[in-house]
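Participant: only geometry, no sequence info:
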């Protein structure tokens, strides 16, 4: 028998602030950001922490949205536009976790970008960010590739990720960014 209360209680115990599954649209992106901002404000979260969480979430959602816009998927495969998002809080950090389908042939390039960002110390990340902005190059998904750099800079943490094969064409790309809550 399905016990929704137990599921609900587990999500509360895990301090899940927001969970979403479906296609990310422009209107939905705005609504999710507003909802998160409201929830963090109601929790009386420190303004600096709220801004960091908001900023990282914005980058995550924009990456999913932009990728979906530049990834032509046949109508019969529309299922692969689904994404998932979860934001949870532990005692010392917020975790922004996203997942979306992507073409397997793009994994190597994206993994190399994430690994490059993860290897850079903060000062080097800052310089790399400035370099990318000055070049103003667009990637094959429409952006300049700043999202990952910005997530790492704002969180001060390494980006955790995985690519799980779904079939011969698609994989499921999961990303987690930890935003520490510094107690003063």
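Facilitator: It's in. Everything quoted here is computed from the prediction, not taken from an experiment. Numbers count the residues shown, from 1 in each chain.
Participant: Residues contacting the helix of greatest length in the chain, please?
Facilitator: Under DSSP state H, the helix in the chain containing the largest number of residues is helix 47-69. Residues from elsewhere that reach helix 47-69 (Cβ atoms under 8 Å, 6 or more residues apart in numbering): 23-26, 29, 32-33, 36-37, 40-41, 45, 81, 83, 85, 87, 94, 96, 98, 100, 102, 141-143, 147-148, 150-151, 154-155, 175, 177, 179, 181-182. Every C-beta, even on glycine, is put in place using the N, C-alpha and C of the backbone.
Participant: Neighbours of residue 6, how many?
Facilitator: For residue 6, the tally of surrounding residues (other Cβ atoms under 10 Å) stands at 9.
Participant: so where's the chain uncertain?
Facilitator: 1-3, 7, 10-11, 14, 136-144, 183-184 (pLDDT under 70).
Participant: Okay, helices next: where are they in it?
Facilitator: Going by DSSP H, the chain shows helices at 4-13, 26-42, 47-69, 107-119, 122-135, 146-155.
Participant: Would you format those as CSV with distance to residue 170 included?
Facilitator: As requested, the helices of the chain are exported to CSV (distance: least, Cβ to Cβ, whole Å):
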stretch, distance to residue 170
helix 4-13, 28
helix 26-42, 22
helix 47-69, 12
helix 107-119, 10
helix 122-135, 28
helix 146-155, 21
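Participant: Of the ones you listed, which is nearest residue 166?
Facilitator: helix 107-119 (11.7 Å; Cβ to Cβ).
Participant: Need the contact partners of that closest one.
Facilitator: 102, 125, 128, 145, 148-149, 152, 158-159, 161, 163, 171, 173.
Participant: still on that earlier bit, and the contacts of helix 47-69, which of them are buried?
Facilitator: 24, 29, 32, 36-37, 40, 45, 81, 83, 85, 87, 94, 96, 98, 100, 102, 141, 143, 147-148, 150-151, 154-155, 175, 177, 179, 181 (16 or more other Cβ atoms under 10 Å).
Participant: Could you measure from the residue nearest to the spatial centre of the chain over to residue 124?
Facilitator: Centroid-nearest residue in the chain, with Cα atoms, centre = their mean: residue 60, separated by 2.9 Å. According to Cβ to Cβ, to the nearest Å, residue 60 stands 22 Å off from residue 124.
Participant: Please apply the same query to residue 54.
Facilitator: 25 Å.
Participant: Understood, closing this out.
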